[in-house]
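*Asks:* Prediction below, plus the sequence it came from.
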Amino acid sequence: MIKYILNCKNNHEFESWFSNSEEFEKLKKKNLLECIFCGSKKISKSIMAPMVSSTIDSSVNTEKKLRKERENLIKLRNYIEKNFEYVGSNFSEKVRDIYYDKSSKKTIYGTTTLKEREELAEEGIELLSVPWVDKEN
Ligand SMILES: [Zn+2]
């Protein structure tokens, strides 16, 4: 059973039950639907409310997803801070030392400029860049 809110041409509004959505169309075609207030046979379904709430839901979901994404990035940042050695803006220098000294197993992190990264890439040193989120805010 489906409940529809129906409107007549005189703007009367009333509820009616149907066994399914086709039954409404069938009854309407045969002129068997009429307004319970004025008897008008010009009946239409009114627009359903859930359309509106579904757009609100999806924006809430997006916000949740973004928050989750941020939490993951913070976890990643915490992991790097705990396990890697911070070398700051000396990163490209240090990474070269490690790369050419095969015995070194150090893992470091730091900041590079785009130019430094291009130079390192030319030397065959591939870097993993990580979005660095602010933990505060
Ligand atoms: Zn009516």
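*Replies:* Looks like it came in fine.

*Asks:* From here on, just use CA atoms for contacts and neighbour counts.
*Replies:* Noted.

*Asks:* got the residues of this protein near the ion?
*Replies:* The chain has residues 8, 12, 35, 37-38 near the ion, with proximity defined as C-alpha under 5 Å from the ion.

*Asks:* cutoff 8 Å now
*Replies:* By the rule C-alpha under 8 Å from the ion, the part of the chain lying against the ion is 7-13, 34-40.

*Asks:* Selecting buried members of those residues in PyMOL, what would you type?
*Replies:* The following PyMOL line selects those of those that are buried, judged by 16 or more other C-alpha atoms under 10 Å:
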select buried, resi 7+8+13+34+35+40
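
*Asks:* And the contacts of the helix or strand encompassing E22?
*Replies:* In the assignment (DSSP states H and E), E22 maps to helix 21-29. By C-alpha atoms under 8 Å, 6 or more residues apart in numbering, the surrounding residues in contact with helix 21-29 are 2, 18, 33, 43.

*Asks:* now those residues as JSON lines including neighbour count?
*Replies:* As requested, the contacts of helix 21-29 are exported to JSON lines (neighbours: other C-alpha atoms under 10 Å):
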{"residue": "I2", "neighbour count": "11"}
{"residue": "F18", "neighbour count": "13"}
{"residue": "L33", "neighbour count": "21"}
{"residue": "I43", "neighbour count": "20"}
